[in-house]
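Engineer: Prediction below, plus the sequence it came from.
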Amino acid sequence: MRVFRDLLARSAVAALFLLSVLVSSLAADVSFERDKIRLLTSGGRAHDLIVELAIEPDQREQGLMHRRQMAQDHGMLFDFGETRRVMMWMKNTYLPLDMLFIGEDGTIRTIRENAVPLSEAIIDSEEPVTFVLELNAGTVNRLGIKPGDRITGARIPAVAR
């Protein structure tokens, strides 16, 4: 009987391992278009970045999960297709991130710095936004990004200030 239980336990562990591999491979099937954006700071500086676009529900669901690195001048732009309060989390995300919550006009409304990898804590926009830009942690500080700064390009229209 003990041999049977050990065999059953090993089979269950193997099945869970295979399931996790399958889930990871399915997640890897989500692809993202790339585009350029420009960050305009209140200090008059412009910073050009390459972003992956998370537009479709499966793209927004995956986001940067399972990634181990991202180039310094890259990020991911989430387009929610509507203006609403947005809540994010870091589940299965290994990269510490800065999150910029952006209004329909490209104005940065709220900033959350140094989101903790793998955390399931909710990161709240606290107000209605249309976009979220995820950047490597430390980028907000390095570039001097502040609420009121603007993003243009990609899916964000250029609007005169």
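Structural biologist: Ah, there it is. Residues are numbered from 1 along each chain as shown.

Engineer: Specify the next element, helix or strand, located C-terminal of the host helix or strand of residue 34.
Structural biologist: Per DSSP states H and E, residue 34 falls inside strand 33-40. The helix or strand immediately downstream of strand 33-40 is strand 46-54, counting by DSSP H and E.

Engineer: now that following strand, how far from the centre of its chain.
Structural biologist: 12 Å (C-alpha atoms, centre = their mean, to the nearest Å).

Engineer: helices or strands next to the helix or strand following that strand in the packing?
Structural biologist: On the C-terminal side of strand 46-54, the nearest following helix or strand under DSSP H and E is helix 57-62. Here helix 57-62 touches strand 46-54, going by 3 or more C-beta pairs under 8 Å, 6 or more residues apart in numbering; DSSP states H and E. (C-beta placed from N, C-alpha, C; glycine too.)

Engineer: Tell me the strands beside the strand it packs on, with direction?
Structural biologist: strand 33-40 (antiparallel), strand 74-88 (parallel) (DSSP bridges).

Engineer: want to try TSV for those, with mean pLDDT, mean neighbour count and distance to residue 119 as columns?
Structural biologist: Below are the strands paired with strand 46-54 laid out as TSV (pLDDT from 0 to 100; neighbours: other C-beta atoms under 10 Å; distance: least, C-beta to C-beta, whole Å):
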stretch	mean pLDDT	mean neighbour count	distance to residue 119
strand 33-40	97	16	25
strand 74-88	97	17	11
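
Engineer: returning to that earlier point: contact partners of the strand holding residue 34?
Structural biologist: 46-53, 55, 75, 77, 133, 143, 145, 149-156 (C-beta atoms under 8 Å, 6 or more residues apart in numbering).

Engineer: For stretch 145-152, output the C-alpha coordinates as CSV.
Structural biologist: Written as CSV, here are the backbone C-alpha positions of stretch 145-152 (Å, rounded to 0.1, in the frame of the first residue of the first chain):
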residue,chain,number,x,y,z
ILE,A,145,9.2,62.0,-13.8
LYS,A,146,6.4,63.7,-11.9
PRO,A,147,2.6,63.8,-12.0
GLY,A,148,1.6,66.4,-14.6
ASP,A,149,4.4,65.2,-17.0
ARG,A,150,3.1,64.0,-20.4
ILE,A,151,3.4,61.0,-22.6
THR,A,152,2.9,61.1,-26.4
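
Engineer: Which residue is the nearest non-sequential neighbour of residue 84?
Structural biologist: Sequence neighbours aside, residue 128 is the residue nearest to residue 84 in space, at 5.4 Å (criterion: C-beta to C-beta, 6 or more residues apart in numbering).
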